[in-house]
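Chemist: Build the 3D model from these lines:
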Amino acid sequence: EEIAQARAAVASAQGEVAAARKRLAETVVRAPADGVISALDLHVGDLVTAGMGVATIDEPGDPFVRIYVPQRALGTLKVGRRLDVRAEGLGGRVFEGVVEQIDQQAQFTPQNVQTSEDRANLTFGVKVRVHDPEHVLRGGTTAEVVVP
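Modeler: Next comes the predicted model:
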């Protein structure tokens, strides 16, 4: 009988350990990319859900700009194509950019695009990596990408 009780206690303890491991796994926050946290939007006791943004991460290396182009402009873009990127906050200084990714599915232009006409259009997101060897560009810098 003592052996049966001991086995039951072990099984119960193993169940508690498994439950504790599961709860611990739910407390882990993972970044989608390597980088340095530049802003933390999370405080002790805050509740977060899967997919919720809790920090701003600056990726090492050259920064990128995300643009949204109408379907009619897709024919002029391909991964690897070089584009000029003009940084408005740096007196219009022009940097070299390279198309790194083109979304496969159309979407409505995000709300942070300035004109209501542009927001109503279906567009494709394009990620342009900007060559910035001097590291003068900062996250959130306003830029214009020239798509001929």
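
Chemist: correct me, but R81 touches V99?
Modeler: Yes: using Cβ atoms under 8 Å, R81 is in contact with V99, at 4.6 Å. (Glycine included, C-beta is placed from N, CA and C.)

Chemist: Quick check: next helix or strand after the longest helix along the chain?
Modeler: Taking DSSP state H as the criterion, the chain has its longest helix at helix 2-25. For helix 2-25, the succeeding helix or strand toward the C-terminus, using DSSP states H and E, is strand 36-40.

Chemist: Which other helices and strands does the helix or strand following that next one contact?
Modeler: Downstream of strand 36-40, the next assigned helix or strand under DSSP H and E is strand 55-58. Under the contact definition 3 or more Cβ pairs under 8 Å, 6 or more residues apart in numbering; DSSP states H and E, strand 55-58 sits against strand 36-40.

Chemist: Which residue of R81 and V99 possesses the greater neighbour count?
Modeler: V99 (19 against 16; other Cβ atoms under 10 Å).

Chemist: For that one, give the beta-bridge partners.
Modeler: Here V99 sits in beta bridges with V128, going by DSSP bridges.
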